Structure formats: C-alpha cells, structure tokens
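**Student:** Build me a model:
(one chain, ligands or ions: 2)
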Amino acid sequence: RLPQSFSMDGSAASTSSLVFPIYFSLIIPTFNERDSIEKMVAQLSQILDEVLPNDYELLIVDDNSPDRTWEYAQHLTDQYPNLQVMRRQQERGLSTAVIRGWQAARGEVVGVIDADLQHPPEVLLKLLEKIDRGADLAVASRHVEGGGVSSWSATRRILSRGAQLLGLMILPRVLSSVSDPMSGYFLVKRQAIAEIPLNPVGYKILLEVIGRGNIRQIAEVGYVFQEREVGESKVTWRQYKDYLHHLVRLRVDSGRLGHWGKQINFPVGRFIRFAFVGLSGLLVDMALLYFFYAILSFGLTRSAIFAGELAIVNNFLWNDRWTFKDLAQKQFGRQQTLKRFLKFNIICLMGLILKILLLNLLFNGFHLNAYLANFLAIAIVTVWNFWINLKLNWRV
Ligand code: GDD
Ligand code: MN
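**Tutor:** Ligands and ions are numbered 1, 2, ... in the order given. As a prediction, the model looks like this:
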C-alpha cells in the first residue's frame, strides 16, 4: 500500500535561515526508458555543467523498470558524478516518484523533466532564469509563445483540451493559473512546497503543487513537445480516471489549499434570486412600454425611458427586500436605502452600456448570430450586475 501523503523534510524547512547544500535538483522519473536515458543525462549535464557547475544534481527515480533502466542508469553515475539513481521496488506511479525524488533532493530549487526527450533540455535555462528573477514556480508550457505540440493526433489534442476544460469547471483557479496545467516539466522553489503534505494521484503532479503549494509568482516558458523517438508513452485511460479523481480530491480539500487552490465562493442561491428579479423586471418593462406607448400614446423613446426606470425600481425593491435582504438589514436608515437605490441605478446603466459593447463585439467581432450574441451579452451583464451590486452596493 502506498502511504497517503508525503511531506518534504519539514523539520529542516521550518527554520527560515535554511541553507541548502546545492542550488538545483532535477528529478527524472523513468519507467522503461533505457534507450533514451543516456542521451538525456548527457544533454542535461552538458547544459547544467555550464551554468551551475557542481551546484546541481540529477536524480533518476525508476520504478523497477522491467527493461532495467535503473541498472543501466547506475552505470552512468561513474561518468556523471552529479547523477544519482533511486530504484523504487514497492511503489509505482509518476507523481509519487517525483515526490520521492524531491524528498531526497538537496537543492533549493527542485524540478522535474521527462526522460524520453519529449521535453527539450535547453528550455531548462529559461526556466532557471525565471526562478532567478523571482518566480516561485516556472512552468514549461505548450500553450504560450514558442510552445506547441509537434504532431499530435486530433484525438489526443481533443482529449488534452477536454481534460483542461473539465479541470476548469472543477478547479477554476488552479487550472487557469497557468496556460499548461498538465505540464510535467517545471521548476519550483523548495520553500514553496516544504512542510506541505502533497497527496497526488496519477500523472499531474503540477496540479498538486499549484493547488497546495505556497505559490505566489508563476512564470511560463514556451516549449514544443517533441515526438517520442524511442519507447512508448505510459498514458492509458487509467490516467484520465486518475486525473478526474485528483481534481475531485483537490476540490474537496479546497478549504485547506494554498493561494491558488482557494475557490471563489460564488453565491449561487443569491444569484438565482437576482436572475429571477431581473426576469420580473423584463416583464414589468414590457408591460409598461405597452401602457405608455400604446395606451397613453407617448413617443417610443419617452415610453422606453419611463418603462425602463420603473423596471429598475421594481428590481431594486425586490433585490433589497429579497435577494440581498440580510445584507440590507445590516445597513441602517432610510438614507442608506436611497443611496443603494441610486447606486443600483448607476450600476444598471453601466451594465446597459457594457451590454451594448458586448453585443457589438460578439456580433461584429466573433460573427455570432445576433440573437445568440444578445443572449450571451445579457447573461454576462447579469453576472456583472450581480457581482458589482453584491460587492459594492449591498456589500457582502
Ligand atoms: N518512476 C516512474 N513511474 N516514472 C514514470 C511512470 C511511473 O509509474 N510513468 C511514467 N513515468 C515517466 C516516463 O518514463 C517518462 O519519463 C515520464 O514519466 C512521462 O511519461 P510518458 O508516458 O512519456 O508521458 P507522456 O509523454 O504521455 O506525457 C507527458 O506529457 C504530458 C503533457 O501532456 C508527461 O510529461 C506528463 O507529465 C505531461 O503532463
Ligand atoms: Mn513522454
């Protein structure tokens, strides 16, 4: 059985005047990568010998590969003194291998790279530079300038984007913190994850780092995901299942997560009430337009202004007495009510302007059907109106 969670040497990390023996530890997780490991180690050593001579270590974490990658890699340590090999016989899995590697690592900055040459080693220099300039986390990304995938099948592209979309729904803040949250190529300052129990499932260790870590500044570097030259990917349907499981676990833990893991608490019930009130306003507006225009024979513009303002009064009253009742009760006095009413008017007016701008953007810019564009514009403005009123007017 795997232990449930791992913590990086907390005792040492609790002293702030911590001195690390070396600057950088790079973990290379392997499973059946015998044919690429030598080239990988050679390229990485060449790059790192130049920028961080004797101030780095390469740590291969192999899960007892049937092709004996561990044994093969062990032979390389004579030639590459900064290389170490860890062979795990009890545990299996990419994320836990990475964490095991980090636990053994001595560097102030820790990182991970695939062993199969799909992550270009030279990108490491840019990642190190980002960390040097103050980033807590530097992620190699396929989705920023300079990034891409060499020749993925449509299916894999769709699966990859679909997974990202699903993640956005379950954990919006974590998934939108970087353009490539599925990346397995990144560096992180050890202090950002020290003392934090990491509890990953499956392949996507970066989600765990962003969600639970103590991370403020994130930087990204573009890279092109190379074709695999030798060996084969270990990705199967199992990885998608694990990924979903991981997302749900992080979501459940969201109260205990770090900066990026904290969820925006959207008051759903309140919003539904607000939307209903908006709908009632629409009916009031229509009925009064009929009344002023058709019955009293006012001009159309004048009728629309009267009807619109009375609909706003209707919405205000319902929102003040129902949607935001509890909040309204916390603000005393008639003057406060008047103030809220005036503010509500201004916010609605700005919403109207925003709606017209959005409608034009969606219609002319994105070439959407006019009615669809109108519907989307109304939906967006409703959320906007709600949020601004909640925060600035009824003040949650
Ligand atoms: N120790 C260990 N144990 N290593 C593993 C295991 C395992 O169970 N499974 C995979 N690895 C190693 C592989 O040997 C390789 O070095 C690296 O982890 C990535 O595995 P691949 O199977 O080659 O993954 P991929 O190419 O499909 O996916 C890569 O790209 C993703 C971006 O979509 C990985 O880098 C992912 O981390 C990355 O998110
Ligand atoms: Mn790969």
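
**Student:** how many neighbours does whatever residue of the stretch 201-350 of the chain ends up closest to ligand 2 have?
**Tutor:** For the stretch 201-350 of the chain and ligand 2, the shortest gap (CB to the ion) falls at residue 233, measuring 5.0 Å. Every C-beta, even on glycine, is put in place using the N, C-alpha and C of the backbone. If you count neighbours by other CB atoms under 10 Å, residue 233 ends up with 11.

**Student:** isn't residue 26 right up against residue 109?
**Tutor:** No: if you go by CB atoms under 8 Å, residue 26 and residue 109 don't touch, sitting 9.1 Å apart.

**Student:** How far does stretch 145-153 stretch from one end to the other?
**Tutor:** One end of stretch 145-153 sits 21 Å from the other (CA to CA, to the nearest Å).

**Student:** Repeat that for stretch 41-61.
**Tutor:** 13 Å.

**Student:** The stretch 151-300 of the chain: strands as residue ranges?
**Tutor:** 186-189, 218-222, 224-225 (DSSP state E, counting those that start in this stretch).

**Student:** which one's the longest strand in this structure?
**Tutor:** Criterion DSSP state E: the longest strand present in the chain is strand 22-30.

**Student:** Next secondary structure after that one?
**Tutor:** Downstream of strand 22-30, the next assigned helix or strand under DSSP states H and E is helix 34-51.

**Student:** if we can go back for a sec, will you turn the strands of the stretch 151-300 of the chain into TSV that also has distance to residue 258?
**Tutor:** Converted to TSV, the strands of the stretch 151-300 of the chain look like this (distance: least, CB to CB, whole Å):
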stretch	distance to residue 258
strand 186-189	12
strand 218-222	12
strand 224-225	27
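
**Student:** With respect to burial, which of these scores highest?
**Tutor:** Mean neighbours per residue, mean count of other CB atoms under 10 Å, is largest over the strands of the stretch 151-300 of the chain for strand 186-189, with a mean of 24.

**Student:** Looking at the strands of the stretch 151-300 of the chain, spot the one closest to residue 297.
**Tutor:** In terms of CB to CB, the element of the strands of the stretch 151-300 of the chain nearest to residue 297 is strand 218-222, at 62.1 Å.

**Student:** tell me what that closest one is packed against?
**Tutor:** helix 123-132, strand 137-141 (3 or more CB pairs under 8 Å, 6 or more residues apart in numbering; DSSP states H and E).

**Student:** winner for burial among those?
**Tutor:** strand 137-141 (a mean of 27).

**Student:** Sheet partners, orientation included, of the helix or strand just after it?
**Tutor:** Sequence order places strand 148-149 as the next helix or strand after strand 137-141, per DSSP H and E. Its sheet considered, strand 148-149 pairs with strand 224-225 (parallel) by DSSP bridges.

**Student:** follow-up on the earlier one: give me the contact list for the longest strand of the chain.
**Tutor:** Outside strand 22-30, the residues within contact range by CB atoms under 8 Å, 6 or more residues apart in numbering are 37, 40-41, 44, 48, 52, 54-63, 65, 69-70, 73, 94, 97-98, 101-102, 105-115, 124, 128, 187.

**Student:** Just the helices from the chain, written as ranges.
**Tutor:** Taking DSSP state H, the helices of the chain run over residues 10-13, 34-51, 69-76, 94-104, 123-132, 154-170, 172-176, 205-212, 237-252, 268-289, 300-318, 325-330, 334-360, 370-388.

**Student:** and those, which is most packed in?
**Tutor:** helix 205-212 (a mean of 27).

**Student:** now that one against helix 94-104, angle please.
**Tutor:** 70 degrees (axes from the mean of the first three to the mean of the last three CA atoms, to 10 degrees).

**Student:** Ligand 2 contacts on this protein?
**Tutor:** Counting by CB under 5 Å from the ion, the residues of the chain close to ligand 2 are 116, 118.

**Student:** what does the chain put close to ligand 1?
**Tutor:** 29-31, 33, 61-63, 92-94, 97, 114-116, 118, 182-184, 203, 233-235 (CB under 6 Å from any ligand atom).

**Student:** Filter those residues down to the buried ones and hand me the PyMOL line.
**Tutor:** Filtering the residues of the chain next to ligand 1 down to the buried ones (16 or more other CB atoms under 10 Å) takes a single PyMOL command:
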select buried, resi 29+30+31+33+61+62+63+93+94+97+114+115+116+118+182+183+184+203
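
**Student:** And the residue nearest the centre of the protein?
**Tutor:** Against the mean C-alpha coordinate of the chain, by CA atoms, centre = their mean, the closest residue is residue 175 at 2.1 Å.

**Student:** Give me the nearest residue to that residue, chain neighbours excluded.
**Tutor:** residue 167 (4.1 Å; CB to CB, 6 or more residues apart in numbering).
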